[in-house]
Each structure stands twice: as structure tokens, then as C-alpha cells.
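Q: Next come a sequence and a model predicted from it.
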Amino acid sequence: MKKAVTIKDIAEQLNLSRNTVAKALNGQYVPEKTRELVLKKAQEMKYKSLGISHVETGARRYRILLVSGKPLNNMNYFVPLVQSIENYCFERSYEFFHHTYNVNRTPFSSFSDYVKELHPDGIVAIECFDRSFIGKLLNLDKPICFVDFTAYDMPLNKNYDIISTGDEKSVCDIVKLLISKYRAGSFTFVGDRRHCLSFHERYMGMLKGIISSRSEHSKRDDILCNDESFDYGNAEAIKTEILKLKYMPDCFICCNDFVARNVCNALKSLNVHIPQDTMVVGFDNVSEATAFSPGITTFSVDKEFLGSETLRTLIHRIENHNIPSRTITVATDTIFRESTDRLPHK
């Protein structure tokens with residue numbers, strides 16, 4: 001039996017993306033010349049579903065807008081996440097748009113006009129942590145799913161959900177483990193805990209782990225500089241802050257792997273050995289965790305699942321406007337590496 005012609009086959013023949021071909025075949029917007037080219041080739045190749053929608057009978061084709069509050073530069077984390085979101089849309093013939101909004105340079109009125117003209121059915125918000133921007137975004141009265149969120153309180157009676165990565169419990173568990181296994185008695189958090197909800201949860205997880213083990217902790221033991229004025233990517237700057245600490249902690253809990261790597265670099269310049277003198281824990285399981293020695297103990301989230309779960313959550317909200325705001329937690333896996341591989345005390 002002759003194999004049926006697929007969208008991929010047509011795309012390869014025309015040197016176009018599958019997304020463009022699918023839009024042309026499903027009556028979505030593409031340039032008219034492109035549409036004519038695709039339809040002609042589909043007829044030539046005897047594409048069986050020509051003129052028939054590729055979505056399930058009765059299903060709606062949604063228009064999805066991905067808004068990022070800044071360029072998504074962390075490629076190891078965001079590329080699989082965004083690709084998963086885009087693939088979810090492609091497989092269901094949803095229209096997908098991506099807009100990067102600069103809070104400091106772009107007036108919200110111009111962004112609001114863009115949204116009104118685009119008229120999306122729902123919005124995915126990534127790296128959107130500015131409380132003022134979030135408030136204005138919610139006032140657009142569009143269904144929204146945030147991947148992470150602001151660390152500050154926001155109204156719960158709005159049309160939005162949050163996808164979280166279970167940070168508080170993950171960090172609490174590893175702190176308790178390091179205390180019981182290695183008798184770690186002191187911890188230092190490194191990062192702006194108010195940067196976003198996930199950083200705040202990581203900080204709170206560390207505190208809960210310490211408290212549950214009946215240990216003591218003070219904010220003076222942490223490096224919590226505001227990241228708008230402090231460069232966490234500068235190992236020398238971190239070194240200066242470490243030198244201000246009253247003592248070297250048994251473990252540094254870092255807001256992410258990028259900061260954890262710079263903490264390692266700062267400690268190396270101070271001739272502090274990891275993990276013998278102190279341990280280091282990061283978060284996200286990106287390239288910084290393994291690029292250099294020592295490998296950093298971290299937490300990994302299935303980024304492809306995170307993306308698809310974000311879209312499933314958004315579609316549910318689009319179809320159920322009046323449900324309460326929810327926070328949906330995606331569990332993480334702990335990845336142990338050399339930075340916490342200290343021989344236990346006898």
C-alpha cells in the first residue's frame with residue numbers, strides 16, 4: 001500500500017516549515033502566495049486531507065501568545081520548554097506567537113494594542129516577574145498561565161494559573177539530608193530571594209529544612225543582594241560577599257546553577273575546597289552544573305513536560321474562565337554530583 005502523503009512531505013518538497021504548511025492547509029493566516037504554493041503542491045501530491053481540518057471534530061483551534069519579560073538567554077532551560085509549547089500548538093493546529101516585552105523601555109499601552117490586534121485566546125507568560133506588569137497583564141482579561149511568578153502577593157480572583165516546580169520541598173529535603181548524612185550545621189543562601197516565586201520558595205525550603213532539624217539561622221548568614229544592583233555573574237563580587245560572612249558555612253544553597261558555578265569560582269579563588277571545606281547546591285540542571293569541576297548537585301525538571309503541562313493548564317482555563325486561580329506543581333529530581341560528595345563523619 002502506498003504511504004499517505006503527510007504535512008512533513010509537503011513541507012520538505014517546498015522547503016517550508018511544517019507549521020507554515022499546516023496553517024496554509026487549515027485556513028490560518030500565511031501570505032497568499034505561500035498559501036497558493038502549498039495548496040498547489042498538496043493537490044499535485046494527492047494529499048488526502050486537503051480541505052479537511054486536522055484537528056479533532058468539535059475541537060477549537062486556539063491562538064496562543066507566549067510573552068517573555070526578557071530575552072530567554074538560558075538556552076539549556078528555555079529552548080526545550082519553548083519548543084514543547086510550540087510543538088503542542090503545532091500538533092493541534094493552534095496559532096502560536098512569541099513576543100518579548102521590555103518593561104523598562106516599552107510602554108504598556110503599545111503592548112496592550114498589540115494584544116488587542118492579535119486577539120489571542122490565551123497567554124503563556126515566562127520570565128514575567130515585575131509586579132506592576134503582571135497587574136496590567138491580568139487586567140487585559142485574557143486567560144493566562146505563568147511559568148513561575150512574582151514573589152510578591154497578587155490577587156487570586158483573576159483569570160490565571162501558575163506552573164511551579166516544587167522548589168520548596170525539594171530544597172527542604174536536601175537540607176535535611178545534608179544535615180543527617182554529613183552533619184552540616186550551617187547554610188548560606190545565595191541569590192535575590194525576591195527575584196521570583198521559585199527563588200523565594202528555594203529560600204523558604206532551606207529555612208524549613210534548617211528549622212525541622214532544630215538548627216538556627218539568620219539572614220546575616222545569607223547573600224541576598226538585590227539582583228538589579230548586584231551582579232551574581234561576577235565571581236569577584238560574590239567573593240567579596242563571602243568574605244563578609246562571619247564563618248564559612250557547611251553548604252551554600254544557590255538560587256540556580258548559574259549562581260552556583262560562580263560561587264564555586266569564588267570559593268576556588270579563596271582556596272576553599274569543595275566539598276571538603278564546604279558544599280554547593282544549585283538548581284535547574286543546566287550546562288553550568290557540569291561544565292567545569294566540581295560537578296554541581298542540582299535539581300532537574302522535565303522541561304518538555306513542563307511546556308506541555310503549561311499548555312494543558314492554559315487550555316483548561318480558556319475553556320473554564322470562572323475557576324479559581326491555581327498553582328500546579330511539577331516535581332523535580334535531585335541530581336547528586338561532586339559538590340556535595342563529602343565523606344560522612346564517623
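A: Yes, it's here.

Q: Residue 341: what's it in contact with?
A: Contacts for residue 341 (Cβ atoms under 8 Å, 6 or more residues apart in numbering) come out as residue 275. From N, CA and C alone the C-beta is placed, and that goes for glycine too.

Q: try residue 293
A: With Cβ under 8 Å, 6+ apart, residue 293 has these contacts: residue 338.

Q: Tell me how far it lies from residue 151.
A: Look at residue 293 and residue 151: by Cβ to Cβ, to the nearest Å, they are 33 Å apart.

Q: Can you get me the start-to-end distance on stretch 179-193?
A: 22 Å (Cα to Cα, to the nearest Å).

Q: Now it: buried residues?
A: Buried residues in stretch 179-193, defined by neighbour count with 16 or more other Cβ atoms under 10 Å: 179, 182, 184, 186, 187, 188, 189, 190, 191, 192, 193.

Q: likewise stretch 117-137?
A: 120-130, 133-134, 137.

Q: likewise stretch 86-101?
A: So stretch 86-101, judged by 16+ other Cβ under 10 Å, has buried residues 86, 87, 88, 89, 90, 92, 93, 94, 95, 96, 101.

Q: do the same with stretch 306-315
A: Neighbour-count burial for stretch 306-315 [16+ other Cβ under 10 Å]: 306, 307, 308, 309, 310, 311, 313, 314, 315.

Q: Work out for me the element the last one sits within.
A: Spelled out, that is residue 315. helix 303-319 (DSSP states H and E).

Q: what's next to the helix or strand just after that helix, contact-wise?
A: For helix 303-319, the succeeding helix or strand toward the C-terminus, using DSSP H and E, is strand 326-329. Identification of contacts with strand 326-329 by Cβ under 8 Å, 6+ apart yields 161, 162, 163, 164, 165, 166, 309, 313.

Q: now swap in stretch 90-100 and tell me
A: For stretch 90-100, using Cβ under 8 Å, 6+ apart, the contacting residues are 18-19, 22-23, 26, 28-29, 53-55, 59, 61-71, 82, 85-86, 88-89, 111, 114, 118, 120.

Q: Which strands or helices does the helix or strand bottoming out on mean pLDDT in the chain pack on?
A: The least trusted helix or strand in the chain, going by mean pLDDT, DSSP states H and E, turns out to be helix 18-25, with a mean of 80. When contacts are defined as 3 or more Cβ pairs under 8 Å, 6 or more residues apart in numbering; DSSP states H and E, helix 18-25 sits against helix 7-14, helix 32-44, helix 75-91.

Q: could you dump those helices to a markdown table with mean pLDDT?
A: Formatted as a markdown table, these follow (pLDDT from 0 to 100):
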| stretch | mean pLDDT |
| --- | --- |
| helix 7-14 | 88 |
| helix 32-44 | 83 |
| helix 75-91 | 90 |
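
Q: need the ones you listed in TSV with distance to residue 251, can you?
A: Formatted as TSV, the helices and strands packed on helix 18-25 follow (distance: least, Cβ to Cβ, whole Å):
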stretch	distance to residue 251
helix 7-14	49
helix 32-44	56
helix 75-91	23
